[in-house]
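[1] Fold the stuff below for me.
(2 chains)
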Amino acid sequence: MLARRFIGAGLLNVGTWAVVLAVIFPLIWMVLTSLKPQSELFHIPPAFWPQSITFEHYRVLLEETPFLQYFRNSSILAVSTTVLVIVVGTLGAHSLVRFSYPGREKLALLVLFTYLLPSVVLIIPLYLLMVWAGVANSLLSLVIAYTTFALPYALWLLRSFMQGIPADLEAAALIDGASRLGAFIDVILPQALPGIISTALFTFILAWNEYLYALVLVSSDAARPLTTGVMNMLITSFNIEWSLLMAASVLMSLPLIIIFAFLQRYLTRGFGVGGVKG
Amino acid sequence: MASIAEREHALPGGWTLALRYGSLGMLLIAPTVLIFAAVIAYPLVSAIYLSLRSIFTPTLQGHWVGLANYADLLSSTTFWRALRNNFVWTAGTLFLQIVAGVAVALLLNQNIVFRSLARSLILFPYFVSTVVAVLVWRWLFNDLYGILNHFMLTLGLIDQPVNWLGQMPNAMISVILVGAWKYFPFVVIAVLARLQTIPPQLYEAATIDGAGPWGRFFDVTLPQLRSVLTVVILLRTVWDFKEFDLIYLLTGGGPINATQTIPLLVYQQAFGLNRMGMAAAYAVVMMAVMLVFMSLYLYRARRSEEAA
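    Presented below is the predicted three-dimensional model:
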């Protein structure tokens, strides 16, 4: 009986880990390919481990392609979008949770509605709007466009987090003579901080990964983010250099890897609160 | 907070506290409302207006055509094929996401070694950029040097390399599979969170009543997961239905439009064929189809909000 349980547990462990490794295999393969010399890619049969490790593709990527420019653009874009959305969203979510005025409930529902809205429906009018406003083909146009999905998302997430803060905390501060804005800054904000960090991380990742708006609104390398920039390297290259593209993919995932390594608990928390709490 | 907001004190200037609080609340939400009006509400209305015009993309010049775009669209095979593809893709990838998601969540709910590491690794596909996912998969799918064909040849599953993206029905299957791989972690996390709250007594009672593993799954686990699965299915239907990046980057809608869904059609009409009015009409029709799923989700969300 004991032996059977032992074997059962062993099988469960091996099986589960086999599934996990199979799921992340494409990402392992990405890293391995990026470290292989170009010649090794075309071995038949392909070898799993690189015969010799090379960082040549990373060097080429950083020195001979506009990759760093794209990286810089993506960083500016994702950080600006996150800051804008978090500031506006925190104020908005606080208002939706703690104040009462006509139309508040409808507004909350509208936020949820916009959270589900497809970019494809907004993209044509937004394109015309940017051309008309004279900001087309700039990072600014992308920050504006990104608020269309990032703000509803952040508002919804922040609202869920803030609903979890006990109302008594603010009431106590008000009785002690704080103004409502004072209570917001001294009492609510510190309590909401973990939620704000979660939301900021999610927003950053959303903006970092966005593709469609970048494809439509930006057509010059000066403002092109990583997503469309790296894809362009694939489309315009004469013969596809997979190891170069895999190196680009690895570097492009760097912020994500950092977030996963150090801030993962915020990601899981955000998932629980906003993602599926219908 | 109603107690504070409704406490009526006459203040200097004649404003009640409730009124002052109300206007502070509106002031705080004002930036949100302004942004929503400019970049969401206006474009939505504008899309409907544009769909009634014929617009040449490079010059942005156009004229009024009334409902002609809609008449064209509904009588074209392109639209109906794209709509069908859209449903095939959504149903296929959603089904796999749910099955894989629930299965992996059940596994990760067991006591295994390095469980939290396994749980975070499984999230990676969901958070990685679609561009990265597509590049990696196109390399895996490569017909000559791709590792996938090599694995399957070695295992004897196939006897010659498969053209994963260049022919049908392979292309649709590949897109559905990559979509499932990318998005099933969302289901895993949602289901896992719910699994952890199922009282163990329910399983003990079922075991005493003689239920085996399958019995326990169908009689205890699945009913407990019902509400979270409903929400997940509605959300993922909306999100999968509107997916652009993954399909566009994997196949571009090919081979010969066989994987072209409506979002791809909107893009192609607007920026490939320069028919911006027509593209807007496609977008509006897509919105109309999606409104069905969206209202189902909103209805549910409102109900659970009122219950809370």
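[2] And whatever residue of the stretch 201-308 of chain B ends up closest to chain A, its phi and psi?
    Going by CB to the nearest CB, chain A is nearest to B:Lys242 of the stretch 201-308 of chain B, at 3.6 Å. Just so you know, the C-beta spots here come from the backbone N, C-alpha and C atoms, and that holds for glycine as well. Here is the backbone geometry of B:Lys242 (degrees, to the nearest 10): phi -90, psi 10.
[3] now do B:Pro169
    Dihedral pair for B:Pro169: phi -80, psi 10, per degrees, to the nearest 10.
[4] Let me know the pLDDT of it.
    B:Pro169 is assigned 89 on the pLDDT scale.
[5] next one: A:Pro125
    pLDDT at A:Pro125 comes out at 93.
[6] check contacts around it.
    For A:Pro125, the contact set (CB atoms under 8 Å, 6 or more residues apart in numbering or on different chains) comprises B:42-44, B:46-47, B:50, B:280.
[7] do A:Thr147 as well
    Taking CB under 8 Å, 6+ apart as the criterion, A:Thr147 is in contact with A:81, A:84-85, A:88, B:35, B:39.
[8] before we move on, what SS does B:Leu148 have?
    The three-state label given to B:Leu148 by DSSP: H, G, I helix; E, B strand; the rest coil is helix.
[9] Next: the one 10 residues further on.
    Three-state call for B:Ile158 (three-state DSSP): coil.
[10] Report how many residues lie close to it.
    Neighbourhood size, B:Ile158 [other CB atoms under 10 Å in any protein chain shown]: 13.
[11] What of A:Gly177?
    8.
[12] Now it, what are its backbone angles?
    phi 100, psi 10.
[13] A:Leu84 is in contact with A:Val143, isn't it?
    Yes: A:Leu84 is within contact range of A:Val143, at 6.6 Å (criterion: CB atoms under 8 Å).
[14] Would you point out the helix or strand in chain B whose mean pLDDT is lowest?
    Scoring the helices and strands of chain B by mean pLDDT, DSSP states H and E places helix B:2-6 at the bottom, with a mean of 45.
[15] residues of stretch A:178-198 that come out buried?
    Across stretch A:178-198, burial judged by 16 or more other CB atoms under 10 Å in any protein chain shown covers A:178, A:180, A:183-184, A:187-188, A:191-192, A:195-198.
[16] Can you tell me the element residue 235 falls in?
    Chain wasn't specified; assuming chain A. helix A:226-236 (DSSP states H and E).
[17] Correction: the question concerned chain B.
    Element membership of B:Leu235 [criterion: DSSP H and E] is helix B:222-241.
[18] and that helix, how far out from the chain's middle?
    Here helix B:222-241 is found 11 Å from its chain centre; the criterion is CA atoms, centre = their mean, to the nearest Å.
[19] Kindly export it (C-alpha atoms) in CSV.
    Taking C-alpha atoms only, helix B:222-241 is exported to CSV below (Å, rounded to 0.1, in the frame of the first residue of the first chain):
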residue,chain,number,x,y,z
LEU,B,222,-16.8,20.5,-11.6
PRO,B,223,-19.9,21.9,-9.9
GLN,B,224,-17.7,24.0,-7.7
LEU,B,225,-15.9,25.4,-10.8
ARG,B,226,-19.1,26.2,-12.7
SER,B,227,-19.2,29.9,-11.9
VAL,B,228,-15.6,30.6,-12.5
LEU,B,229,-15.7,28.6,-15.7
THR,B,230,-18.7,30.6,-16.9
VAL,B,231,-16.9,33.9,-16.4
VAL,B,232,-13.6,32.6,-17.9
ILE,B,233,-15.5,31.2,-21.0
LEU,B,234,-17.3,34.5,-21.6
LEU,B,235,-14.2,36.6,-21.2
ARG,B,236,-12.0,34.4,-23.3
THR,B,237,-14.7,34.2,-26.0
VAL,B,238,-14.7,38.0,-26.3
TRP,B,239,-10.9,38.1,-26.3
ASP,B,240,-10.3,35.2,-28.7
PHE,B,241,-13.0,36.5,-31.1
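[20] what's that helix in contact with?
    Contacts of helix B:222-241 (CB under 8 Å, 6+ apart): A:116, A:118, A:276, A:278, B:86, B:89-90, B:93-94, B:97-98, B:101-102, B:179, B:183, B:186-187, B:190-191, B:193-195, B:198, B:202, B:289-290, B:293-294, B:296-297, B:300.
[21] Point out where the chain drops to low pLDDT.
    Reading this off chain A. A:1, A:270-278 (pLDDT under 70).
[22] You answered for a different chain; I wanted chain B.
    Along chain B, segments meeting pLDDT under 70 span B:1-15, B:308.
[23] could you redo the last one with a cut-off of 50?
    B:1-11 (pLDDT under 50).
[24] which residues sit in contact with the residue of it found nearest chain A?
    When distances are taken as CB to the nearest CB, chain B reaches nearest to chain A at B:Gly25, 2.6 Å away. Residues in contact with B:Gly25, defined by CB under 8 Å, 6+ apart, are A:95, A:98-101, A:104.
[25] let's go with 10 Å and repeat that
    A:94-101, A:104, A:180, B:1, B:5 (CB atoms under 10 Å, 6 or more residues apart in numbering or on different chains).
[26] how much space is there between it and A:Arg180?
    Distance of B:Gly25 to A:Arg180, computed by CB to CB, to the nearest Å: 9 Å.
[27] buried ones in the helix of greatest length in chain A?
    If you go by DSSP state H, chain A has its longest helix at helix A:2-35. By neighbour count on 16+ other CB under 10 Å, the buried set for helix A:2-35 is A:13, A:16-17, A:19-20, A:23-24, A:26-27, A:29-30, A:32-35.
[28] Out of those residues, the closest to B:Phe151 would be?
    A:Trp29 (10.9 Å; CB to CB).
[29] correct me, but the closest one touches A:Phe48?
    Yes: A:Trp29 is within contact range of A:Phe48, at 8.9 Å (criterion: CB atoms under 10 Å).
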